[in-house]
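Undergrad: Task: produce atomic coordinates for the following.
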Amino acid sequence: MYRHRSDIQNVFNIDGLETNILDYMNSRPPDPGMAAGLTSSEAIGSNRFGSILDQLIDPCALLELQKHGYAVIDNVMKTSQSSNDQLGEWANKGKTGQDDCRSDTVAFLDRRDALECGLEDQFDFLLTLASHLNDNFDLYASPYKPVFPGTTTRPLTNPKGFNVQMAEYGFCDYYNPHSDNSIDREVDNDGAFGGTAVIHDYLGDDAILPKKRSNWRCITAILYLNEGWKTSDGGQLRMYLDSAHVESPSTARDTHEYIDVNPSNGKLLLFDSRMVHSVEEVLNENKIRRALTLWITRPEESGVSGEDYFMDISPSP
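TA: Numbers count the residues shown, from 1 in each chain. Predicted coordinates:
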């Protein structure tokens, strides 16, 4: 109903929609997603993009992701201007407002939505990445047991449902420094995970337990759609280096070096979801910055209880 609120606001009373949706979202445990390689859309993608992935997401790119926590790969898959425009028109039907730390708007796509916008190749490509990483990427070791459908040998999964996000930034829009999988500072490590004895067996009695995270996001994959985007247009994604363990993302501006990634058409950015990053203000009033994001998840018995959601879901005009 939320996705079509502008169409139904004059037919149904939706005054309580925001409260009901937020209560529902905040009461749900994290979803472990679906097994990489077993979904219908990914089966399509695997057949079509397997060899392309081997060429593009090659050992050098994976080494960069392993060593530095991010990899930038140019000219992976470009989007036509007509599909970009269609995406903007489609997204206006159901975009969400955001909190005070960001001013962009987002919408979530399933494959039918992607097909409507002429972006089925981009959608399938993103959903193929988890399977490719399971087969080729050496993830950091974890003391926790995987949660099904994740397994010890194939720990990465894809989110279910409307699993690809479109984020849109217009003139002066921004996103302050944040982490896609931040440390949950509300929980004391001594009681965060339940199975601390097992963890000490794995890490040793004197080990400092990992901080509890807010979700199961492991690798963030962003595909940019913006033809002719220049550095002077602003809107760069700013990646703060070696910031995966920063507890207060807002402090990274003063404590960490960074690199800027220009959101040019066809560029793929992969990074550790724990790393702090921001989107700098868009400076060109005649351009709109769009990107597709997939959060590849690693569900584990690590005490994750989910995030608190806050949205402005007032009906679209």
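
Undergrad: you'd agree residue 162 is up against residue 112?
TA: No: using CB atoms under 8 Å, residue 162 makes no contact with residue 112, being 10.0 Å away. C-beta here means a position set from N, CA and C on the backbone, and glycine is covered the same way.

Undergrad: Between those two, point out the one with more neighbours.
TA: Shown here are residue 162 and residue 112; by other CB atoms under 10 Å, residue 162 has more neighbours (15 against 11).

Undergrad: Which pLDDT value goes with that one?
TA: Model confidence at residue 162, expressed as pLDDT, equals 80.

Undergrad: Contact partners for it?
TA: Contacts here follow CB atoms under 8 Å, 6 or more residues apart in numbering; on that basis residue 162 touches 108-110, 113.

Undergrad: same thing with residue 218?
TA: 139, 155-156, 181, 272-273, 296-298.

Undergrad: Which helix or strand contains it?
TA: Per DSSP states H and E, residue 218 falls inside strand 217-224.

Undergrad: pull the CA atoms of that strand into PDB?
TA: C-alpha atoms of strand 217-224 as PDB (Å, rounded to 0.1, in the frame of the first residue of the first chain):
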ATOM      1  CA  ARG A 217      25.100  -6.600   5.400                       C
ATOM      2  CA  CYS A 218      28.500  -7.700   4.300                       C
ATOM      3  CA  ILE A 219      29.300  -6.300   0.800                       C
ATOM      4  CA  THR A 220      27.700  -3.200  -0.600                       C
ATOM      5  CA  ALA A 221      27.400  -3.200  -4.400                       C
ATOM      6  CA  ILE A 222      26.600   0.100  -6.200                       C
ATOM      7  CA  LEU A 223      26.100   0.400  -9.900                       C
ATOM      8  CA  TYR A 224      26.100   4.000 -11.200                       C
END
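
Undergrad: on that earlier part again, most neighbours, which of the contacts of residue 218?
TA: Highest neighbour count within those: residue 297, with 29 neighbours (other CB under 10 Å).

Undergrad: residue contacts, that residue?
TA: The contact partners of residue 297, taken as CB under 8 Å, 6+ apart, are 32-33, 150, 156-159, 215-218.

Undergrad: That one pairs with what?
TA: Taking DSSP bridges as the rule, residue 297 bridges to residue 157, residue 217.

Undergrad: Can you give me the pLDDT of it?
TA: pLDDT for residue 297: 97.

Undergrad: same deal with residue 188?
TA: If you check residue 188, the pLDDT there is 45.

Undergrad: Now do the contacts for the closest residue in space to residue 35 that isn't next to it in sequence.
TA: Closest residue to residue 35 apart from its sequence neighbours, by CB to CB, 6 or more residues apart in numbering: residue 149 at 3.9 Å. When the contact criterion is CB under 8 Å, 6+ apart, the partners of residue 149 are 32-35, 38, 157, 299.

Undergrad: and if we set it to 7 Å?
TA: Contact analysis of residue 149 by CB atoms under 7 Å, 6 or more residues apart in numbering lists 32, 34-35, 157.

Undergrad: got those residues as JSON lines, with distance to residue 229 columns?
TA: Formatted as JSON lines, the contacts of residue 149 follow (distance: CB to CB, whole Å):
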{"residue": "32", "distance to residue 229": "36"}
{"residue": "34", "distance to residue 229": "33"}
{"residue": "35", "distance to residue 229": "35"}
{"residue": "157", "distance to residue 229": "32"}
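
Undergrad: Pull out the buried residues from those.
TA: Neighbour-count burial (16 or more other CB atoms under 10 Å) applied to the contacts of residue 149 gives 32, 34-35, 157.

Undergrad: Now for the contacts of residue 149: which two are most distant?
TA: Between any two of the contacts of residue 149, the greatest separation by CB to CB is 9.5 Å, found for 32 and 35.

Undergrad: any common contacting residues for those two?
TA: Joint contacts of residue 32 and residue 35 (CB under 7 Å, 6+ apart) are 149, 157.

Undergrad: Now for residue 172, how many residues are close by?
TA: Neighbours of residue 172 (other CB under 10 Å): 11.

Undergrad: if I look at the nearest residue to it once chain neighbours are set aside, how far off is residue 274?
TA: Distances taken as CB to CB, 6+ apart put residue 281 closest to residue 172, at 5.8 Å, once the chain neighbours are dropped. Counting by CB to CB, to the nearest Å, the gap from residue 281 to residue 274 is 24 Å.

Undergrad: Pick out whichever of the two has more residues nearby.
TA: The residue with more neighbours, out of residue 281 and residue 274, is residue 274; 20 against 15, by other CB under 10 Å.

Undergrad: quick one: which helix or strand includes the residue lying closest to that one once chain neighbours are set aside?
TA: In space, and not counting its chain neighbours, residue 274 is closest to residue 244: 3.9 Å by CB to CB, 6+ apart. Under DSSP H and E, no helix or strand contains residue 244.
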